[in-house]
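Engineer: here you go, sequence then predicted model.
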Amino acid sequence: MPAVLVGVLLVVPLLELYVLIQVGQVIGAPITIALLVLMSLAGAALLRREGARTWRSFRQASGAGRVPAKEVADGALVLFGGALLLTPGFLTDVLGLLCILPPTRAVLRRSLTGLVARRLLGPAAFLAPGRRRSRGSARIVDGEVLDPRDEP
């Protein structure tokens, strides 16, 4: 994991610099800088709107007595996307928009929760019940639980 983090911290700024130079050569430096500032301002406004919407959704779920798992994941994606939008660069802006916009955020949330669940529960948790592997000497028995109070 540390190697991946170091790789990201080195590769992303170099890619951003490359893209900035390429865009600057095509449309000019002043327009490129203005575009970056405009994207940061628009990103801040979008972050404020989606952050408030996510917070309201979180409060409604909590008030209804429901575990706000979806809302927490949305909040994390909105925060991450906002940080990316406020970072200068076109690549981080695109990734930030994907994290903040509701349709793409829903896709990212499903992927993220699936990834986290697989990491926490292991791949065997996602097999069909009859195909699950047992750990150690434990056996998995398929059956039906009956409540004795339901019998006549």
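Structural biologist: Cool, got the structure.

Engineer: report the buried residues of the lengthiest helix in the chain.
Structural biologist: Criterion DSSP state H: the longest helix present in the chain is helix 29-63. Neighbour-count burial for helix 29-63 flags T32, L36, M39, S40, G43, L46, L47, E50, G51, T54, F58, A61 (criterion: 16 or more other CB atoms under 10 Å). Just so you know, the C-beta spots here come from the backbone N, C-alpha and C atoms, and that holds for glycine as well.

Engineer: can you lay out the residues you listed as a markdown table showing pLDDT and distance to G122?
Structural biologist: Shown next, in a markdown table, are the buried residues of helix 29-63 (pLDDT from 0 to 100; distance: CB to CB, whole Å):
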| residue | pLDDT | distance to G122 |
| --- | --- | --- |
| T32 | 95 | 47 |
| L36 | 91 | 43 |
| M39 | 90 | 41 |
| S40 | 87 | 41 |
| G43 | 87 | 37 |
| L46 | 90 | 37 |
| L47 | 89 | 35 |
| E50 | 91 | 33 |
| G51 | 90 | 34 |
| T54 | 92 | 30 |
| F58 | 92 | 29 |
| A61 | 91 | 28 |
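
Engineer: now V72: which helix or strand?
Structural biologist: If you go by DSSP states H and E, V72 is part of helix 69-86.

Engineer: return the distance of that helix from the chain's centre.
Structural biologist: Offset of helix 69-86 from its chain centre (CA atoms, centre = their mean, to the nearest Å): 7 Å.

Engineer: count the neighbours of L120 for me.
Structural biologist: 8 (other CB atoms under 10 Å).
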